[in-house]
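> missing the sequence, but the structure's below:
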């Protein structure tokens with residue numbers, strides 16, 4: 001019997017991604033129950049604006065108070081992460097962005113001391129996972145040919161799409177909004193991910209793949 005895996009997510013797009021893409025893969029590898037939990041902002045409203053002390057930490061602690069045999073983790077974006085995360089300023093002194101994100105994850109684990117907690121911060125944001133393959137973009141109606149070519153060029157330029165940068169106009173989500181007419185993250189995000197397939201995300205996104213592998217290992221022991 002596997003542990004129940006709770007995943008704290010930013011909003012409805014990530015919830016759908018967990019349910020439709022991540023969970024089927026975890027299920028095939030022995031993880032039978034996965035529950036995405038939207039970050040509680042106020043009663044009746046969930047999603048976005050991940051404040052550590054007011055939202056992230058209390059939600060993780062609430063999950064950990066459960067009586068089930070469980071794991072608690074998260075799927076939140078590094079892009080525009082708030083500075084109230086533990087050791088945020090210290091993280092800025094790290095050599096590169098991968099070291100910064102890893103340092104922040106470790107700081108969260110040190111602050112919420114519980115072996116059932118596996119912090120994860122997506123580099124740079126969820127939308128980067130959509131730049132793994134051109135198939136998903138090709139299936140979206142109404143993308144001008146020039147824009148489609150630019151989207152495909154991003155895939156060529158970034159063999160690891162997790163490294164697509166955090167510029168105000170060049171972050172993954174900003175590119176999608178600019179190049180896909182009427183882009184809606186909840187509508188298009190999971191459609192593109194499903195068309196591309198989950199396996200290609202694991203192949204091209206090493207930090208994400210490592211997180212998934214850790215979840216499987218810890219949930220099935």
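Looks like it arrived, so ask away. What you are looking at is a predicted structure, and each value in this text was computed from that prediction instead of being measured.
> so which bits of stretch 117-135 are buried?
Across stretch 117-135, burial judged by 16 or more other C-beta atoms under 10 Å covers 117-134. For the C-beta atoms, the positions are set from N, CA and C on the backbone; glycine is no exception.
> show me what counts as buried in the strand ranked longest in the chain.
Longest strand in the chain, counting residues (DSSP state E): strand 70-77. Across strand 70-77, burial judged by 16+ other C-beta under 10 Å covers 70, 71, 72, 73, 74, 75, 76, 77.
> go on, stretch 53-63?
Within stretch 53-63, judged by 16+ other C-beta under 10 Å, the buried ones are 55, 56, 57, 59, 60, 63.
> residue 146 and residue 153: what is the separation?
11 Å (C-beta to C-beta, to the nearest Å).
> also residue 210?
27 Å.
> same check, this time on residue 84
Taking C-beta to C-beta, one finds residue 84 at 37 Å from residue 153.
> between these two, which one's more packed in?
Remark: of residue 84 and residue 153, residue 84 carries more neighbours, 14 against 10, as counted by other C-beta atoms under 10 Å.
> quick check: phi and psi at that one.
Per-residue torsions, residue 84: phi -90, psi 0 (degrees, to the nearest 10).
> low pLDDT regions in this protein?
40-48 (pLDDT under 70).
> mind redoing it with 90?
For the chain, the stretches flagged by pLDDT under 90 are 1, 39-49, 165-169, 185-187.
> ok, residue 110 - contacts?
Contacts for residue 110 were tallied using C-beta atoms under 8 Å, 6 or more residues apart in numbering; they are residue 86.
> give the full set of residues in contact with residue 171.
79, 124, 125, 127, 164, 165.
> and the residue nearest to the first one when sequence neighbours are not counted, how far is that from residue 189?
Yep, that's residue 79 we're talking about. With C-beta to C-beta, 6 or more residues apart in numbering as the criterion, residue 79 has its nearest non-adjacent residue at 4.1 Å, and that residue is residue 125. Distance, residue 125 to residue 189, using C-beta to C-beta: 11 Å.
> how's the protein carved up into domains?
Domain ranges of the chain: 4-125+205-219, 126-199, per automatic domain parsing.
> mind listing the residues bridging to the nearest residue to residue 18 once chain neighbours are set aside?
Of all residues beyond its chain neighbours, the one nearest residue 18 is residue 36 (4.1 Å), with distances taken as C-beta to C-beta, 6+ apart. Judged by DSSP bridges, the bridge partners of residue 36 are residue 7.
> which ones are touching residue 36?
Counting by C-beta under 8 Å, 6+ apart, residue 36 has contacts 6, 7, 9, 14, 15, 18, 19, 75.
> and residue 220, by the same measure?
So residue 220 contacts 2, 3, 29, 30, 31 (C-beta under 8 Å, 6+ apart).
> before we move on, back to that, which two of the contacts of residue 171 have the greatest separation?
Farthest apart among those by C-beta to C-beta are 127 and 165. That separation is 12.3 Å.
> do a quick rundown of the helices in this protein.
Assigned by DSSP state H, the helices in the chain fall at 12-17, 23-28, 57-64, 88-91, 97-111, 135-138, 145-157, 172-179, 185-196, 198-204, 206-219.
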